[in-house]
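Trainee: heads up, no residue letters with this:
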């Protein structure tokens with residue numbers, strides 16, 4: 001346990017793609033067994049990946065409707 005605590009491993013520079021914003025196939029081959037073989041596919045909505053869609057659920061209104069101070073008589 002002492003060997004793991006307070007130690008660090010650096011990310012090899014050869015696993016970073018030339019554009020600096022992606023990883024190489026070598027990293028993907030290394031990481032696939034750690035992550036699992038089945039990569040999930042997320043739906044694209046308006047150009048962004050969405051994990052879920054929330055159903056709009058609103059609480060029952062219990063207070064009187066708000067009237068701004070300037071409009072109160």
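Mentor: Received it, and whenever you're ready, just let me know what you need. Note that the structure is a prediction, hence the values are computed from the model and not measured. Numbers count the residues shown, from 1 in each chain.
Trainee: show me the residues around residue 27 that make contact.
Mentor: residue 15 (CB atoms under 8 Å, 6 or more residues apart in numbering). For glycine as for every other residue, the C-beta is placed from the backbone atoms N, C-alpha and C.
Trainee: Give me the distance between the spatially most central residue of the chain and residue 40.
Mentor: The structure's the chain has its C-alpha centroid closest to residue 51; by CA atoms, centre = their mean the separation is 8.2 Å. Distance, residue 51 to residue 40, using CB to CB, to the nearest Å: 9 Å.
Trainee: got any ranges where the protein has weak pLDDT?
Mentor: Counting by pLDDT under 70, the chain contains low-confidence ranges at 1-2, 37, 39.
Trainee: Do a quick rundown of the helices in it.
Mentor: Counting by DSSP state H, the chain has helices at residues 25-35.
Trainee: which residues in it form strands?
Mentor: Taking DSSP state E, the strands of the chain run over residues 44-45, 48-49.
Trainee: partners of the first one, with directions?
Mentor: This points to strand 44-45. Note on strand 44-45: by DSSP bridges, its sheet partners are strand 48-49 (antiparallel).
Trainee: Show me what the strand it pairs with is in contact with.
Mentor: 42, 43.
Trainee: Pipe the strands of the chain into a markdown table and attach mean neighbour count per row.
Mentor: Converted to a markdown table, the strands of the chain look like this (neighbours: other CB atoms under 10 Å):
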| stretch | mean neighbour count |
| --- | --- |
| strand 44-45 | 9 |
| strand 48-49 | 9 |
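Trainee: Any idea which of the ones you listed gets closest to residue 60?
Mentor: strand 44-45 (29.8 Å; CB to CB).
Trainee: With respect to residue 63, which of the strands of the chain lies nearest?
Mentor: So among those, strand 44-45 is nearest, using CB to CB, at 34.3 Å.
Trainee: As CSV, the strands of the chain with distance to residue 10 would be great.
Mentor: Supplementary listing: the strands of the chain in CSV, determined by distance: least, CB to CB, whole Å:
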stretch, distance to residue 10
strand 44-45, 34
strand 48-49, 29
